[in-house]
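Participant: fold the following.
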Amino acid sequence: MRIGHEYFSEIIDNLKRNRLRTFLTGFAVAWGIIFLVILLSIGVGLNRGISKGAMGSDMTPNSGVRFGLWMTSIPYQGYQAGRTLYLAKPQLAQLQQMVPAIEDIAPAYQNWSKITYKAKVSDGWTLGISANHFGHFDSRVKILAGRSISGYDTYNREKVILLSSAKALHLFGSESYVDALGKKVSLDDISFTIIGVYEDVKENSGSFIPSTTFEALYPAAHTIDRVYAYVPSVRSDKDYKAFEQELRQALGSMLTFSSDDESAFWGYSNYVNNEQYNKVVNYFYLFLWIVGLSTLLIGIVGVSNIMLVTVRERYKEIGIRKALGAKPRDILAMIMVESLLITAVAGAIGLVIAVGFVALGDYLVTAYHIGEMSIMGETIHLFDTPVLSPQMALGILVVMIIAGIVAGYTPARRAIRISAIEAMRD
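Facilitator: Down below sits the predicted model:
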């Protein structure tokens with residue numbers, strides 16, 4: 001059998017003879033596709049919202065490990081439980097020698113501060129960092145104007161500050177961030193010069209000053225309870241657990257606490273966090289696919305039933321075709337192509353409608369800030385713009401093809417088994 005214009009015209013004429021039946025069957029398939037696309041796009045919106053609001057910079061894996069000290073909960077070597085633990089700055093170099101996996105180490109300084117420019121005030125975290133902070137501990141920062149903290153700034157305790165784009169916009173009222181460079185702001189009543197503006201990755205991002213300047217400005221910084229470590233060997237959950245155990249033992253030896261004391265020490269690697277988060281996201285998307293495909297299955301069953309009815313209605317026609325020399329593969333192709341045509345056309349229509357809904361959702365989320373809530377002056381993102389990714393669109397296309405094949409296979413096999421003699425007698 002040659003597949004050409006006449007071949008498809010015959011199939012379309014057959015579908016036209018049963019317009020209502022074809023429409024209802026196609027509607028079930030289209031609705032299944034619409035439901036699947038909307039579910040997946042909502043899943044992407046939730047993922048993007050959580051990533052943007054809750055995870056922030058930690059969504060990009062790097063070799064920075066954060067750890068901190070708190071309070072002992074287990075008596076150890078004559079010391080009672082309840083001791084507050086902290087490190088002195090000289091002990092950081094000692095710790096680096098004890099744990100060779102640490103290639104760079106620095107205190108994690110931060111303080112809630114007030115930045116003032118003329119009559120405008122902006123509250124937020126101020127972080128004291130070293131010159132290699134963004135290369136080793138935090139890979140998120142994109143400089144929009146000016147520069148970052150340099151080794152010269154750190155060595156000379158310069159009073160310079162790197163602002164977030166949100167703070168620069170609030171203080172100066174302009175997105176031309178170059179205009180902010182060189183201006184003086186007051187940080188907790190101390191004058192600082194703006195050397196750069198970086199792009200926010202989440203609301204209320206901090207401002208950065210040299211770590212040595214931070215130590216001079218805030219005397220409490222000399223007791224260190226949070227630390228950055230650059231550990232390139234940590235690339236997985238397994239790597240991190242081995243490193244954490246070694247780090248616990250070293251800190252326990254230095255500060256005299258039990259390495260089994262969970263309250264005394266905490267650690268964090270965004271490689272591990274990203275790995276765990278991706279697992280949760282993958283399971284979530286799998287759940288959405290299952291729910292969406294369950295709805296689509298109704299349409300597939302409908303197409304299969306309709307094709308079974310079509311085979312029964314064309315019983316004699318199929319018998320005549322066989323009597324005239326039609327091969328089993330020709331009969332198989334005739335039924336399968338009709339099934340694929342219904343599924344593909346209805347699915348394509350459903351996909352176009354679904355993309356329209358996704359675009360509408362994108363507009364509503366952006367225009368009306370749906371999925372955002374403010375807590376203590378900080379914006380929390382629970383949902384972001386829904387997106388239909390190319391990978392998902394390709395996956396849905398594959399699903400439509402498979403659905404058409406599955407829906408037409410059983411009726412096609414039944415058509416092949418029709419006896420030409422019995423069909424012509426019927």
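Participant: give me the contact list for stretch 349-360.
Facilitator: 26, 29-34, 36-38, 41, 386-388, 393, 396, 400 (CB atoms under 8 Å, 6 or more residues apart in numbering). To be clear about C-beta, it is placed using only N, CA and C from the backbone, and glycine gets the same treatment.
Participant: what about 7 Å?
Facilitator: Identification of contacts with stretch 349-360 by CB atoms under 7 Å, 6 or more residues apart in numbering yields 29, 30, 31, 33, 34, 37, 38, 41, 386, 388, 396.
Participant: mind listing what residue 108 touches?
Facilitator: Under the criterion of CB under 7 Å, 6+ apart, the contact partners of residue 108 comprise 66, 226, 227, 228.
Participant: count of residues packed around the residue lying closest to it once chain neighbours are set aside?
Facilitator: Of all residues beyond its chain neighbours, the one nearest residue 108 is residue 226 (3.8 Å), with distances taken as CB to CB, 6 or more residues apart in numbering. Using other CB atoms under 10 Å, residue 226 has 16 neighbouring residues.
Participant: surely residue 226 and residue 68 touch.
Facilitator: Yes: when contacts are counted by CB atoms under 7 Å, residue 226 is listed as touching residue 68 (4.3 Å).
Participant: okay, domains of this protein per the record?
Facilitator: Under the assignment automatic domain parsing, the domains of the chain span 5-57+274-425, 64-270.
Participant: mean pLDDT lowest for which of those?
Facilitator: The stretch with the lowest mean pLDDT among those is domain 5-57+274-425, which comes in at a mean of 82.
Participant: can you give me the strands in this protein?
Facilitator: Listed in chain order, the strands found in the chain under DSSP state E are 64-69, 104-107, 109-117, 120-129, 143-146, 160-164, 184-187, 190-198, 207-210, 226-230, 265-269, 372-375, 378-381.
Participant: who touches the residue nearest to residue 108 in this structure?
Facilitator: Residue 226 makes contacts with 66, 68, 108, as judged by CB under 7 Å, 6+ apart.
Participant: quick revisit: in CSV, list the strands of the chain along with distance to residue 363.
Facilitator: CSV is the format used below for the strands of the chain (distance: least, CB to CB, whole Å):
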stretch, distance to residue 363
strand 64-69, 37
strand 104-107, 44
strand 109-117, 35
strand 120-129, 30
strand 143-146, 27
strand 160-164, 27
strand 184-187, 37
strand 190-198, 29
strand 207-210, 34
strand 226-230, 41
strand 265-269, 37
strand 372-375, 15
strand 378-381, 17
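Participant: just so I know, which of those strands lies nearest residue 331?
Facilitator: Distances from residue 331 to each of the strands of the chain were compared by CB to CB, and the smallest falls on strand 378-381, at 56.1 Å.
Participant: about what we covered before: tell me the two of the contacts of residue 108 that are most distant?
Facilitator: Taking CB to CB, the two most distant members of the contacts of residue 108 are 226 and 228; they sit 8.1 Å apart.
Participant: quick check, residue 416 in contact with residue 329.
Facilitator: No: between residue 416 and residue 329 there is no contact under CB under 7 Å: 8.7 Å.
Participant: follow-up on the earlier one: who touches both of residue 226 and residue 228?
Facilitator: Between them, residue 226 and residue 228 share the neighbouring residues 66, 108, with contact defined by CB under 7 Å, 6+ apart.
Participant: if residue 66 is in a bridge, with which residues?
Facilitator: In this structure, residue 66 bridges to residue 228, residue 268 when assessed by DSSP bridges.
Participant: residues in contact with it?
Facilitator: Contacts were defined as CB under 7 Å, 6+ apart; by that measure residue 66 touches 108, 226, 228, 268.
Participant: mind redoing it with 10 Å?
Facilitator: Taking CB atoms under 10 Å, 6 or more residues apart in numbering as the criterion, residue 66 is in contact with 58, 108, 137-138, 226-229, 266-270.
Participant: for residue 363, same thing?
Facilitator: By CB under 10 Å, 6+ apart, the residues touching residue 363 are residue 385.
Participant: please report the distance of it from residue 390.
Facilitator: For residue 363, the distance to residue 390 equals 21 Å [CB to CB, to the nearest Å].
Participant: for residue 308, same thing?
Facilitator: If you measure residue 308 against residue 390 using CB to CB, the figure is 36 Å.
Participant: ok, these two, which is more surrounded?
Facilitator: Using other CB under 10 Å, the more surrounded residue of residue 308 and residue 390 is residue 308, with 16 against 7.
Participant: surely the more buried one and residue 411 touch.
Facilitator: Yes: look at residue 308 against residue 411 with CB atoms under 10 Å: they come within range, at 4.7 Å.
Participant: tell me where the stretch 251-400 of the chain has helices.
Facilitator: Defined through DSSP state H, counting those that start in this stretch, the helices belonging to the stretch 251-400 of the chain, from first to last, are 270-313, 315-323, 328-368, 390-416.
Participant: what packs against the first one?
Facilitator: In this case it means helix 270-313. Using 3 or more CB pairs under 10 Å, 6 or more residues apart in numbering; DSSP states H and E as the contact criterion, the neighbours of helix 270-313 among helices and strands are helix 5-16, helix 19-50, strand 64-69, helix 237-255, helix 315-323, helix 328-368, helix 390-416.
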